[in-house]
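[1] my questions concern the predicted model and sequence given below.
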Amino acid sequence: MRSRRRSPFDRAREAAPGFAIVGLGIAGVFVAMNVLVSSAPFGSGASASPNAGVSAPPPPSPSLQSLDTPYPVGSAGPRVSLPTDRPTIVHSAVSESDPGGIWKVYLLYPAFVEGTTPYADAIDSEVLTELETRAAQWEGGPAAIRQAPGKVNTLYGSFTTEMLTAALGSFTLSWVDDSRTSGPASYVETLNFDLGTGQRIGFDDLFVDSTTALDILAGQALPMLQDQLGVDYDPTLTVEGTNPSAANYLNWALTSEGMKITFASHQVSPRGDLLPTVVVPWHFLKPVMVETGPVAALAGF
């Protein structure tokens with residue numbers, strides 16, 4: 001049974017700081033999610049990059065792979081007038097543990113404070129639902145089996161705020177799954193919101209020609225990564241991981257400087273502990289951007 005969801009302010013007044021991991025439910029079954037608002041144990045406002053090494057690409061996890069495609073945020077509401085000040089967000093979490101000690105979950109996420117942006121409650125509800133689903137799939141899947149005597153399977157995540165204005169919210173979520181015998185596996189997802197409609201922004205919402213936009217991103221990303229990765233640059237792997245396919249550019253975020261791309265573990269480097277990023281300046285993308293699109297102002301329209 002899911003616990004009653006309260007507003008971020010209520011949670012901020014009542015929740016204790018630090019890692020509060022409460023034992024709930026039965027192992028392998030979707031248990032109640034306890035939403036906490038606290039100071040971020042992974043850092044204030046931004047997450048620390050996962051640092052656990054993986055010597056070889058981990059096998060795919062169906063329970064987590066199913067959430068690689070951005071989760072839809074309901075139907076777009078009518079466009080509304082926005083306040084002049086940017087909204088307030090708080091660190092909330094889906095936090096729970098197996099009473100038998102087999103697994104623990106702690107997934108931080110950004111929650112908009114009700115009243116600071118019109119669609120705060122709708123956005124918060126959808127993000128919470130997504131993380132609850134992710135946790136439930138993991139608990140009933142890879143986490144349900146203890147891999148070694150005394151080992152606790154963990155799923156820990158945090159987030160980075162990439163952009164937060166009165167009109168736009170952009171975040172990068174990262175999490176580490178430590179339920180495998182091969183070692184921890186790192187994952188990433190980005191959330192980009194049009195706060196005037198409460199809707200998640202799609203890649204096709206930004207560009208009149210998505211195919212050309214992908215070509216531009218690929219042309220910029222490859223040389224940037226070659227310089228950034230250094231000895232970890234693998235010509236074959238990096239070229240394949242940056243080719244202009246939509247699957248290679250799922251995880252994009254908005255920044256004032258340009259579109260930030262985060263590449264998945266093992267996508268462009270043989271190292272499993274890296275989630276490499278590049279920022280492609282808006283002026284490269286401007287020729288194919290929708291002039292009246294949700295982020296057109298970032299490109300100077």
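    Arrived safely. Numbering: from 1, shown residues only.
[2] can I assume residue 200 is in contact with residue 171?
    No: using C-beta atoms under 8 Å, residue 200 is not in contact with residue 171; the gap is 11.0 Å. (Each C-beta comes from the backbone N, C-alpha and C, glycine too.)
[3] now for the two: what residues contact both?
    191, 192 (C-beta atoms under 8 Å, 6 or more residues apart in numbering).
[4] next, residue 146: secondary structure please.
    Under the three-state scheme (DSSP: H, G, I helix; E, B strand; the rest coil), residue 146 adopts coil.
[5] sorry, that was for residue 293
    Assignment for residue 293 (three-state DSSP): coil.
[6] same question, residue 260
    Per three-state DSSP, residue 260 ends up strand.
[7] got a list of what it touches?
    Taking C-beta under 8 Å, 6+ apart, one finds 162, 172, 252, 253, 254, 277, 278, 279 in contact with residue 260.
[8] who wins on neighbours among these?
    Among the contacts of residue 260, the one with the most neighbours (other C-beta atoms under 10 Å) is residue 254, at 25 neighbours.
[9] so how far is residue 249 from the residue nearest to that residue when sequence neighbours are not counted?
    Excluding the flanking residues, the one nearest residue 254 by C-beta to C-beta, 6 or more residues apart in numbering is residue 170, at 3.9 Å. Distance of residue 170 to residue 249, given as C-beta to C-beta, to the nearest Å: 15 Å.
[10] same check, this time on residue 289
    Taking C-beta to C-beta, one finds residue 289 at 15 Å from residue 249.
[11] please apply the same query to residue 147.
    33 Å.
[12] next one: residue 125
    27 Å.
[13] would you map out the domains in the chain?
    8-201, 204-299 (automatic domain parsing).
[14] who has more neighbours out of residue 147 and residue 249?
    residue 249 (22 against 15).
[15] mind listing what the more buried one touches?
    203, 214, 217, 261.
[16] and with 7 Å instead?
    Contacts for residue 249 (C-beta atoms under 7 Å, 6 or more residues apart in numbering) come out as 214, 217, 261.
[17] can you tell me which of those residues is nearest residue 136?
    Comparing the contacts of residue 249 against residue 136 with C-beta to C-beta places residue 261 closest, at 29.0 Å.
[18] who does that closest one bridge with?
    residue 252, residue 278 (DSSP bridges).
[19] next one: residue 153
    Under the criterion used (DSSP bridges), residue 153 bridges to residue 103.
[20] number of residues surrounding it?
    23.
[21] now do it against residue 98, distance only.
    Applying C-beta to C-beta to residue 153 and residue 98 gives a distance of 8 Å.
[22] which element is residue 125 on?
    Following DSSP states H and E, one finds residue 125 within helix 120-140.
[23] counting by contacts, list what that helix packs against.
    helix 62-65, strand 89-97, strand 103-112 (3 or more C-beta pairs under 7 Å, 6 or more residues apart in numbering; DSSP states H and E).
[24] who is the closest residue to residue 111 other than its chain neighbours paired with across the strands?
    Here the nearest residue to residue 111 in space, its sequence neighbours aside, is residue 92; by C-beta to C-beta, 6+ apart that works out to 4.1 Å. Taking DSSP bridges, one finds residue 37, residue 109 as the beta-bridge partners of residue 92.
[25] tell me the one of the contacts of residue 249 nearest residue 234?
    Looking across the contacts of residue 249 and measuring by C-beta to C-beta, the closest to residue 234 is residue 261, at 17.7 Å.
[26] quick revisit: output the contacts of residue 249 in a markdown table; the columns should cover distance to residue 233.
    Below are those laid out as a markdown table (distance: C-beta to C-beta, whole Å):
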| residue | distance to residue 233 |
| --- | --- |
| 214 | 21 |
| 217 | 18 |
| 261 | 16 |
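[27] residue 86 - how many residues pack around it?
    Residues near residue 86, counting by other C-beta under 10 Å: 17.
[28] that one against residue 167, yeah?
    No: taking contacts as C-beta atoms under 7 Å, residue 86 lies outside contact range of residue 167: 8.8 Å.
[29] span of stretch 174-189 from start to end?
    6 Å (C-alpha to C-alpha, to the nearest Å).
[30] that should have said stretch 287-297, apologies.
    Stretch 287-297 has an end-to-end distance of 13 Å (C-alpha to C-alpha).
[31] off-centre distance for that stretch?
    23 Å (C-alpha atoms, centre = their mean, to the nearest Å).
[32] try stretch 228-242
    Distance, centroid of stretch 228-242 to centroid of chain: 23 Å (C-alpha atoms, centre = their mean).
[33] that stretch: which residues count as buried?
    228, 229, 233, 237, 238, 241, 242 (16 or more other C-beta atoms under 10 Å).
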